[in-house]
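> Predicted model and sequence below, questions to follow.
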Amino acid sequence: MKARVLVTLKTAVLDPQGKAIEGALRSLGVHGIGSVRQGKVFDIELDQTDQTKAEATLKDACEKLLANTVIESYRIEFVS
Amino acid sequence: MKARVLVTLKTAVLDPQGKAIEGALRSLGVHGIGSVRQGKVFDIELDQTDQTKAEATLKDACEKLLANTVIESYRIEFVS
Amino acid sequence: MKAAVIVFPGSNREGDVARALKAVSGHSPAMVWHAETALPAGTDLVVLPGGFSYGDYLRCGAIAARAGIMDAVRAHAARGGLVLGICNGFQILCESGLLPGVLVRNARLRFICREALLRVERIDTPYTRKYAKGAVIRIPVAHGEGNYTADAETLRRLEGEGRVIFRYVTTAGQRDDEQVLNGAANSIAGIASEKLNVLGLMPHPENHVDPLVGPTDGRPLFESLAGVLERA
Amino acid sequence: MIPNEPKITPELVAEHGLKPDEYERILKLIGREPSFTELGIFSAMWNEHCSYKSSRLHLKGLPTKAPWVIQGPGENAGVIDIGNGLAAVFKMESHNHPSYIEPHQGAGTGVGGILRDVFTMGARPIAALNALRFGDPTHPRTRHLVAGVVSGIGGYGNSFGVPTVGGLVGFHTRYDGNCLVNAMAVGLAEADKIFYAAATGVGLPVVYLGSKTGRDGIHGATMASAEFGEGAEEKRPTVQVGDPFAEKLLLEACLEIMEAGCVVSIQDMGAAGLTCSAVEMGAKGDLGIELNLDNVPCREAGMSAYEMMLSESQERMLMVIAPGKEDEAEAIFRKWGLDFAIVGYTTDTLRFVVKHKGETVADLPIKELGDEAPLYDRPWVETPKQAPIDPASLEVNHTIPGILERLIGSPDFASKRWIWEQYDHLILNNTVQRPGGDAAVVRVNEGPKALAMTTDVTPRYCEADPFEGGKQAVAEAWRNLVAVGAKPLALTDNLNFGNPEKPEIMGQLVGCLKGIAEAAKALDFPVVSGNVSLYNETFGRAILPTPTIGGVGVLDDVSKTISLAFENAGEAILLIGETKGWLGQSAFLAEILDREDGAPPPVDLAAERRNGDFVRSLIEEGLVTAVHDVSDGGLLVAIAEMALASGIGANLLAPPAGVSPLGWWFGEDQARYVITCGNPKNGILKRAEEAGVPIQKIGATGGDRITVPGERPMPVDALRERNEAWLPIYMGAGLI
Ligand SMILES: Nc1ncnc2c1ncn2[C@@H]1O[C@H](COP(=O)(O)OP(=O)(O)O)[C@@H](O)[C@H]1O
Ligand SMILES: [Mg+2]
């Protein structure tokens, strides 16, 4: 079973990478981009075949490690 | 207009981060996870309202900066 | 003094800090492997050294913060024991919840190794009593992710409770609000826990203790600790 | 019968970089058609990178011996005795082509590779250096390459935990399509505990250690020996991704298992991975090797024998383990979280046998794989000599201060702080002289001994006169070590050239090597390791010949080291060495007049030696307060650098009669140093005279400006602003 976990910065948190990318895009002549926020994506293969159980495992993984919930939030998606 | 760009390592390319995360999850007692590959996600606000044009802009941004196309591939999704 | 330096896979300044502790106190610290579950008996000071624990993969300090030994470190801190986190150690302290906030990538996204100027904001801590109040000291930084961030409430609390111990300043001794170094909120270089027993800082005092390799402005930090621990 | 999929066709042979006559050689050698895997093995072993087929003949002329040389060329790195039972282990290696394709990973894995070469020998790396050459700053790719290469070098070294203490960075349009990334590492070991590649003992386990094998870099070594052209893009997926974290663990694990007495022989898997390392271990030890690929830890499913044999996945090692020590060795590796697998054993058959899934996929004579590699005496022509330049013939509309300002603000002379601040140069707490000086000085353990190290070459000189240019590169490295008070001991080289099949290019290689050999002999500065990188061409245009020299020297008492910064005001500034005002191939000519012509400055090796030994004796006796060698840019640039490093200015005397002002201030005559001392009457002048060393007082330190009679003064602060400005502004668009 395949899942995708998206970890993104909470809205209130400053994102230096995103800001730097905005500037760099402008200086590269890529116009029309308002704002950029950078996050992480994890493509995960699970042994599980039961989606509910898989979701529990992933939630556990996010809370324990994948996301720093002080500044980040996460979302779990199933790919197939 | 909002878009999401996913940048992931090409399949054959080593992902040291993913490897380290797999190990850490195991030792944290999160079981049932086969493999992890880490990528980047960019949440982007565009001034554009025309999707075709926006897509061209994003493609340009990916090729020029967001993705290192030697080792990464990217995917553009429109959120709303 | 009884000091223990925790070694994680990927730590790389453990030798530097051990050397500084030895130079100042005369005693070599115990080197404790991350997979241990207990600190050596009688440990007064725990040091989380600089480096790239677990390659700094995922988030710097994130994986190390969840290592086996960290429960023992948390218990030690809860008892009021001294915990010093330098650079990657600071990042680990934040990730493990021993200090608030988080260190994110430098504003300019580049690693920076440079001598920084710090103002010592208070000297009534176990780490700073050998400094003069308000002293401006030269300590090098070497990090890619030293940009301290916390929510507004946390920053207010840190400032209000006087828990900002080191701040980046300009040559004139003013708060470095141009954020030339890494973009840290309020120019924060180091903060302490409520009881001041846990200190995290990005700069490397351990690299400025030996006159042969540079200024010695890092020495008083270790002398402060040696003094405290001797009396303990 | 050895399975033969796919079929060997002339096209397939050509794709493997093997010429038809080379393929004939293979057929003759093994008496049958090679299997696909065998073809891959031959292509790896016989390409330029591994076999040195174009350069081997000429490398033989290099002096490689001295009483202090423990191991010269032929092993993973050179080893020299530095006294007190300690040895310095060092080498330099190029990662030019991968860095051009993917600068961050290319440069990073270059650093990883050279670090591995050093710790494979049992040494703990204590310092890293590099030598970088980029295209013209206005070339559209240059900024991207600078940013990527620098972040790659820093990213790898910083995480691994070795200080990057020195290097050089230059720009020239001839590197537009082919940047150079030469990485050097220096390690420290006990002199009687060096580990070698040669396997000994029959029936011993061959063990695979480190990270898993993936499909990365397959044909990386072949690519490194191919000229760039339109096709370069297609080769992209062959780039390897480095994992400095794994390398750090590998270092610690290797040193631990060596200490535990588990290791008989060891070889890192660098270029052409498993193939090169296994063959070298066997061939050097006069043993056969049998590998069973079923046991190789793989990252991806379904990897073929061919892929496993040619993979260049990073952070891997091959070892022969001492009898009965397998378990202990394995436990150490497991502790560090690394893979450990017995993948074969040594045999007495002198054959290299590879098995996969029960079938023999290769069975080759092991010694011949290396020994019978093609060896070419390629035709070469000598580079035509150029006439010296008469300073009187030059028309210059600039003032002396104007020229200095232009020079120190130009790409080659501008401060490289933006770069070396991205390298952790302080870790390990032994960096006594930080980047920015003549040579880095790194304390050895608790001192008082220290090592000095530097990388140098002036490609413009080499292009104009390979022989003099080769000599000059060695002399300059030697001089830089002397300038910090070290006794130069040995060098490593990295020979970067174009396509050796062109006689002019081959002539450059031959000429430079002759020059290097002559200088190394005259200066007692033997070559203990090195690397050759050929085919550095794009669309038929070669790079400038660039034989980078990495020098290492020793200081017995590090507290005596001297930096280039003026120490006090009111001190005498003395110039050591003879100044004729040599302007051919000078930076002045190139930067101000846009001319790269004339004969480069000749190098008088006897004068180098005499002047250098004299300067070192002054430093050892504590008679001087600052020392700087005079190299490209000439005297005024050297003085400006001394002022910039300290903030103290200088009042200079007029040029002596008989030397043109331009030649005096900007000539690049060799064997020169600028020194300062509190009291010139302390016997220095007399001693110089006795030693036959030309010396003259050229001014005094003081104030906050540099003054030259009859010219407007140059405030040090303004010079600094110019010097510091160029690179950060150029890189301003930071991220790219
Ligand atoms: N230009 C050179 N000068 C001196 N020694 C050299 C030179 N080029 C290669 N060597 C020596 O040849 C041997 C093989 O080098 P190399 O193929 O670069 O090693 P590896 O790729 O296994 O790290 C090494 O001992 C190296 O020091
Ligand atoms: Mg090697």
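Cool, the structure landed. Predicted model only: the values in this text are computed from it and were never measured. Numbering: from 1, shown residues only, chains lettered A, B, ... in the order given. Ligands and ions are numbered 1, 2, ... in the order given.
> CA atoms for contacts and neighbours, from now on please.
Will do.
> list the contacts for whichever residue of chain C sits closest to chain B?
Closest to chain B within chain C is C:Tyr57: 5.0 Å, counting by C-alpha to the nearest C-alpha. By C-alpha atoms under 8 Å, 6 or more residues apart in numbering or on different chains, the contact set of C:Tyr57 is B:Pro16, B:Gln17, B:Ala20, B:Ile21, C:Ile63.
> Which one of the residues you listed sits in the busiest neighbourhood?
Greatest neighbour count in those, by other C-alpha atoms under 10 Å in any protein chain shown, goes to C:Ile63: 27 neighbours.
> so what's that residue up against?
A:Leu65, B:Ile21, B:Ala24, C:Ser53, C:Tyr54, C:Tyr57.
> any idea how far the spatially closest residue to D:Val457 that is not a sequence neighbour lies from chain B?
Among residues not flanking D:Val457 along the chain, D:Ala473 sits closest, at 4.4 Å (C-alpha to C-alpha, 6 or more residues apart in numbering or on different chains). For D:Ala473, the distance to chain B equals 35 Å [C-alpha to the nearest C-alpha, to the nearest Å].
> Compute the number of surrounding residues for D:Arg215.
By other C-alpha under 10 Å, 24 other residues sit near D:Arg215.
> wait, doesn't it sit right on D:Glu307?
Yes: contact criterion C-alpha atoms under 8 Å: D:Arg215 and D:Glu307 qualify, at 6.5 Å.
> now the strands for the chain?
In the absence of a named chain, chain A is used. Under the criterion DSSP state E, chain A contains strands at A:2-9, A:33-46, A:72-78.
> wait, I meant chain C there
According to DSSP E, the strands that chain C contains are C:3-7, C:30-33, C:45-48, C:82-86, C:102-104, C:112-120, C:136-143, C:147-149, C:164-168, C:188-192, C:198-201.
> Relative to D:Asn496, which of the ones you listed is closest?
Ranking the strands of chain C by their distance to D:Asn496 (criterion: C-alpha to C-alpha) puts strand C:112-120 first, at 30.1 Å.
> who touches the closest one?
With C-alpha under 8 Å, 6+ apart, strand C:112-120 has contacts from C:128, C:131-144, C:165-171, C:173, C:181, C:189, C:203, D:420-426.
> Stretch D:380-399 too?
With contacts defined as C-alpha under 8 Å, 6+ apart, stretch D:380-399 is touched by D:464-466, D:502-508, D:510-511, D:581-584, D:593, D:597-600, D:660, D:662-663, D:711.
> what would the strands of chain A look like in a markdown table with mean neighbour count?
Shown next, in a markdown table, are these (neighbours: other C-alpha atoms under 10 Å in any protein chain shown):
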| stretch | mean neighbour count |
| --- | --- |
| strand A:2-9 | 21 |
| strand A:33-46 | 20 |
| strand A:72-78 | 16 |
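> who wins for proximity to B:Leu6 among these?
Among the strands of chain A, strand A:33-46 comes nearest to B:Leu6, with 7.6 Å by C-alpha to C-alpha.
> coming back round to it: most tightly surrounded among the strands of chain C?
The highest mean neighbour count among these, using mean count of other C-alpha atoms under 10 Å in any protein chain shown, belongs to strand C:198-201: a mean of 28.
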